[in-house]
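Trainee: Would you be able to build a 3D model of this:
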Amino acid sequence: MNQNSECGDKAAAAFPPQHQNRQPGFEYVMRPLPVSECGRKGRKLEGKSALITGGDSGIGRAVAYDFVKEGASVAVVYFDEEVDARETAERIGQLGGECLLLRGDLKDPSFAGYCVGKTVECFGKLDILVNNHAVQFVQRSILDISHEQLEFTFRNNVFSFFYLIQSALPYMKEGGSIINTSSVTAFEGNRDLIDYSATKGAIAALTRSLSLSLAEKGIRVNAVAPGPIWTPLIPASYSAGEVATFGKKTSHVPMDRAGQPCEVSPCYVFLASDDASYMSGQTLHPNGGTIVG
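Mentor: Residues are numbered from 1 along each chain as shown. From the prediction side, this is the model:
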């Protein structure tokens, strides 16, 4: 029995009728006693297998490093960023981890299936799926968003998540974890990233709905919605002048700075691990202090 199931079984124990005539109450007289320890020890992801998209750089790379440090083997999917991907794999090797590199276009459902199949073939199983890849194209008006850009952005940022999930689920067992990368833009909006923000809103809704669908299978589905994070997507999206002020107060970030990928990746470790055994359908917000509804 895995630790996740053990904690769940204890938590599901019946509570016999009881009452205490004092606030805030005494724990030692409760029956059954609350579960304060679930027997978790050592590295949080020991023996786990993870598939991380967009893992060659940015947030995905930081997640891959943290997963390996916690004992997981990782498959890293990337588009064509060969130098970044090789550097990621080299560092994972230095950390003593296993890394499978998978290059291709996740807008193609057959490639999504291929990635899942190769991960299972290489590591024998798939415990964690991290859907993290995305593109964004700055447009000052919705009238400037072409039909081609709209379709491309949704196929890359949303359709591919569906393809990967559909391919992965037949291999995922109870205790599995799916983590989707959303964005602060899903909750606050962004006047210059209307289609991108819409895809991130779709991911938030996907996360909530899929968590309900998979609850009975014991597979948790959560999301992370980063704020402005310093990744290759930023200089690829904005002008040099805009990059120079990225994450400053003009972006309404209370901490007045952009975040680093390593400040986001611990959220994924938490959600992937048994520490988050009672969390599903939720979104974590590493965003520099921005309050979201």
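
Trainee: ranges for the helices of the stretch 151-293 of the chain?
Mentor: With DSSP state H, counting those that start in this stretch, the ranges of helices along the stretch 151-293 of the chain come out as 160-168, 185-188, 194-214, 240-244, 265-272.

Trainee: Next, format these as CSV and append distance to Ile291.
Mentor: Yep, even glycine has a C-beta here, placed from its N, CA and C like the rest. As requested, these are exported to CSV (distance: least, C-beta to C-beta, whole Å):
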stretch, distance to Ile291
helix 160-168, 27
helix 185-188, 9
helix 194-214, 16
helix 240-244, 24
helix 265-272, 17
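
Trainee: Nearest to Ser280, out of the ones you listed?
Mentor: Evaluated with C-beta to C-beta, the helices of the stretch 151-293 of the chain place helix 194-214 nearest to Ser280, the distance being 4.3 Å.

Trainee: So which bits of that closest one are buried?
Mentor: Applying a neighbour-count criterion of 16 or more other C-beta atoms under 10 Å, one finds 194-204, 206-208, 210-211, 214 buried in helix 194-214.

Trainee: before we move on, what about stretch 112-127?
Mentor: In terms of neighbour count (16+ other C-beta under 10 Å), stretch 112-127 has its buried residues at 112, 115-116, 118-120, 123, 126-127.

Trainee: Switch the helices of the stretch 151-293 of the chain over to a markdown table; also include distance to Thr231 and mean pLDDT.
Mentor: Conversion of the helices of the stretch 151-293 of the chain to a markdown table gives the following (distance: least, C-beta to C-beta, whole Å; pLDDT from 0 to 100):
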| stretch | distance to Thr231 | mean pLDDT |
| --- | --- | --- |
| helix 160-168 | 18 | 98 |
| helix 185-188 | 14 | 96 |
| helix 194-214 | 14 | 98 |
| helix 240-244 | 12 | 88 |
| helix 265-272 | 12 | 97 |
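
Trainee: looking at those helices, which is closest to Asp105?
Mentor: Closest approach to Asp105 among these (C-beta to C-beta): helix 160-168, 8.6 Å.

Trainee: ok now the closest one, how far from the chain's centre?
Mentor: Taking the mean of its C-alpha atoms, helix 160-168 sits 14 Å from the chain's own mean (C-alpha atoms, centre = their mean, to the nearest Å).

Trainee: can you state the direction angle for that helix and helix 194-214?
Mentor: With axes from the mean of the first three to the mean of the last three C-alpha atoms, to 10 degrees as the basis, helix 160-168 and helix 194-214 are set at 30 degrees to each other.

Trainee: what does helix 160-168 rub up against?
Mentor: 51, 53, 106-107, 109, 112-113, 115-117, 126, 129, 131, 133, 178, 180, 203, 206, 210 (C-beta atoms under 8 Å, 6 or more residues apart in numbering).

Trainee: Of the residues you listed, which belong to strands?
Mentor: Counted as lying in strands by DSSP state E, out of the contacts of helix 160-168, are 51, 53, 129, 131, 178, 180.

Trainee: I'd like to know which of these are buried.
Mentor: Members of the ones in strands among the contacts of helix 160-168 that pass the buried threshold by neighbour count (16+ other C-beta under 10 Å) are listed as 51, 53, 129, 131, 178, 180.

Trainee: who's in contact with the second one?
Mentor: Contacts here follow C-beta under 8 Å, 6+ apart; on that basis Thr53 touches 60, 77, 106, 115, 130-133, 160, 164.

Trainee: Looking at those, spot the one nearest Glu263.
Mentor: Gly60 (14.3 Å).

Trainee: can you count the residues close to that closest one?
Mentor: Neighbour count of Gly60, defined by other C-beta atoms under 10 Å: 29.

Trainee: Apart from its chain neighbours, what residue comes closest to it?
Mentor: With sequence-adjacent residues excluded and distances taken as C-beta to C-beta, 6 or more residues apart in numbering, Gly60 is closest to Gly54, at 3.9 Å.
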